[in-house]
Every structure is written in structure tokens, then in C-alpha cells.
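Okay, predicted coordinates and the sequence, questions at the end:
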Amino acid sequence: MSAKNAWRQTVARVVKSEMSVRGVKYQDLSQRLAAIGIEQSADNLRNKVNKGIMGADLLLQILLVLKARPIDASVLEEILTDLNAY
């Protein structure tokens, strides 16, 4: 897997993990973002998250509305190691 693809998959895993822990679906995420003035459809969010491609601003906004747990370097290293094992 290329480094670029590994990082994109890492973004996807982090966001999906936080959504899963809180039982948040894409429609819920869209509504939470709308509450802070960010308009993103559920379908658009699904595409961006699944591809792991989004701007840093949207990533931070998503983590904020999900009240995400702290992410430290060891978590990122673990995900990247898992991805590079394939």
C-alpha cells in the first residue's frame, strides 16, 4: 500500500471508529455538523470518510462534533503498522 493510501485509510479508520463508539450514523454526523454551521450531506460525508479524503478543517470539525477521544501518535502508528502489514 502506498504511503498516501495508508494515510487516507488511517483517516477513515479514526473517523469511523469515533462514529462507531458513539453510535453515530452519517445522517447524525451531517446534523451535528449543521448545528455548528457546516453543511455536508450524509452521502458526501460517507464518500469523504470512506476515501479518507477531506480537508484538515473538516476532519477537525468532525472530531469536535463527535467529541472524539484524544488521538496520540501511538494510535496512528498502530493503524499504519496494521495497514502496511497487508
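The structure has been received and is ready for your questions.

Tell me where the model's unsure across the protein.
Counting by pLDDT under 70, the chain has low-confidence residues at 85-86.

Look up how far Leu76 lies from the residue nearest to the spatial centre of the chain.
Centre of the chain computed as the mean C-alpha position; nearest residue by Cα atoms, centre = their mean is Val15, 2.5 Å away. According to Cβ to Cβ, to the nearest Å, Val15 and Leu76 sit 13 Å apart. Where you see a C-beta, it was placed from the backbone N, CA and C, and this is true even at glycine.

now Tyr26
Distance, Tyr26 to Leu76, by Cβ to Cβ: 23 Å.

Val11 too?
Per Cβ to Cβ, Val11 is found 10 Å from Leu76.

Those two: who's more crowded?
Remark: of Val11 and Leu76, Val11 carries more neighbours, 19 against 15, as counted by other Cβ atoms under 10 Å.
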